[in-house]
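S.K.: Got a sequence here, can you build the structure:
(one chain, ligands or ions: 1)
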Amino acid sequence: MSNPIISLNHVAFAYNKQPVLRDINLTIQPGEIIGLVGPNGAGKTTLLNLIQGILPHAAGITVFGGQPGNPTAKAATGSMLQGNLKLPRVHVAELISLIGDQYTHPLPTSEVLALTNLTAQANQNVATLSGGQLRRVTFACAIVHQPQLLFLDEPTVGMDAQARQEFWDLISRMRARHVTIIITSHYLEEIQHVADRIAILRQGRFAYVGRWDQLQAAHNGGQISFTTPLPPATFSHLPGVTQVVATADHLTLTSQDTDLTVQALVPFFTDLHHFTATRQSLETIYLDLVKEDDKNEEVSQPTAV
Ligand code: ADP
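M.R.: Sure thing, here's the model as predicted:
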């Protein structure tokens, strides 16, 4: 295996003695795309700033084999932080080429424009661009020097659904170029399609690091609905079932383990109609995990489960 681009070993950080990150461990390999997610205030931006050397060095962080902010890391890193850059009133192509001129080996402006779907806007003044186009120009400025490592902090904020989709396509193009990317985003359902691994930060600790599908496999809960002439109480003690809700035409079982509950329903199948079973969405799993972590924080209390 090649050398990791980033390694975080027991990283901790505090602002004015107020701990924000505690015992962070993560190794990122070249070409990996990591989705860094977590509630507001969890410490995502702080972690990105530490890795980039924007904040004072914290022990345990290695980037491109050295301390954060080392010259190799700086030259090989591109970053698109929250919000739009204050861009001067110039044409799109002009701006990209101006930024490229600051580097030794920039990508040709035409290639950056094509990569970011901005060829049609090449001669348009940046002041007249739409929000989504402006974010793409900001992105173009971050990749013009062909970085091997990209930091994208909430890159799709303020974009409509189509602009977000175009942006995620753009990230896939970066994957083909083997760029290592760390993205923070609130759009879990979208980030799951681009990120190889997800790191869920909760109150300064990782609540989960790994692949989405493994997270979903480990959380087998869901809901099972059907119509039946049988009384609701028939189902309340089946394995996995935590709740039975009867509406006018349906019974809905909430289960901690849908596989187990479905197996236990087999003897009743002749009396079950309009059967549907739905696994928890990633959004629900994420929210549960974050909530579970809340409970863990209070684990010393006798009432905690
Ligand atoms: P996120 O990006 O996940 O929303 P942040 O890294 O911005 O989280 O913030 C984590 C915590 O650190 C929050 O409680 C925030 O208030 C605090 N914080 C962030 N920046 C500073 C700072 N410069 N000084 C003091 N506290 C800060």
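
S.K.: any idea which helix or strand carries A93?
M.R.: With secondary structure defined by DSSP states H and E, A93 is part of helix 92-100.

S.K.: tally of neighbours for the closest residue to the ligand within the stretch 201-305 of the chain?
M.R.: Ranking the residues of the stretch 201-305 of the chain by distance to the ligand (C-beta to the nearest ligand atom) places L201 first, at 6.4 Å. Placement of C-beta: from N, CA and C, glycine included. By the measure other C-beta atoms under 10 Å, the count of residues near L201 is 25.

S.K.: Then the one 3 residues further on?
M.R.: Under the neighbour criterion other C-beta under 10 Å, G204 is assigned a count of 20.

S.K.: ok, it touching Y15?
M.R.: No. With contact defined as C-beta atoms under 8 Å, G204 does not reach Y15; the gap is 11.0 Å.

S.K.: Let me know the pLDDT of the residue nearest to G53 when sequence neighbours are not counted.
M.R.: In this structure, G53 finds its nearest non-sequential neighbour in G69, 2.3 Å apart by C-beta to C-beta, 6 or more residues apart in numbering. G69 is assigned a predicted lDDT (pLDDT) of 92.

S.K.: do the one 4 residues further on as well
M.R.: In the prediction, the pLDDT value recorded for A73 is 94.

S.K.: Which strands and helices lie in contact with the helix or strand Q165 falls within?
M.R.: Assessed by DSSP H and E, Q165 sits inside helix 161-176. Using 3 or more C-beta pairs under 8 Å, 6 or more residues apart in numbering; DSSP states H and E as the contact test, the elements touching helix 161-176 are helix 131-143, strand 180-184, helix 188-194.

S.K.: what about the shortest one, near the ligand?
M.R.: By that I understand strand 180-184. No. Figure legend: strand 180-184 not in contact with the ligand (C-beta under 6 Å from any ligand atom); closest approach 6.9 Å.

S.K.: Now do the helices in the stretch 1-150 of the chain.
M.R.: 44-51, 71-76, 92-100, 109-115, 131-143 (DSSP state H, counting those that start in this stretch).

S.K.: Could you see whether the ligand lies near the first one?
M.R.: Yes. Counting by C-beta under 6 Å from any ligand atom, the ligand is contacted by helix 44-51 at K44, T45, T46.
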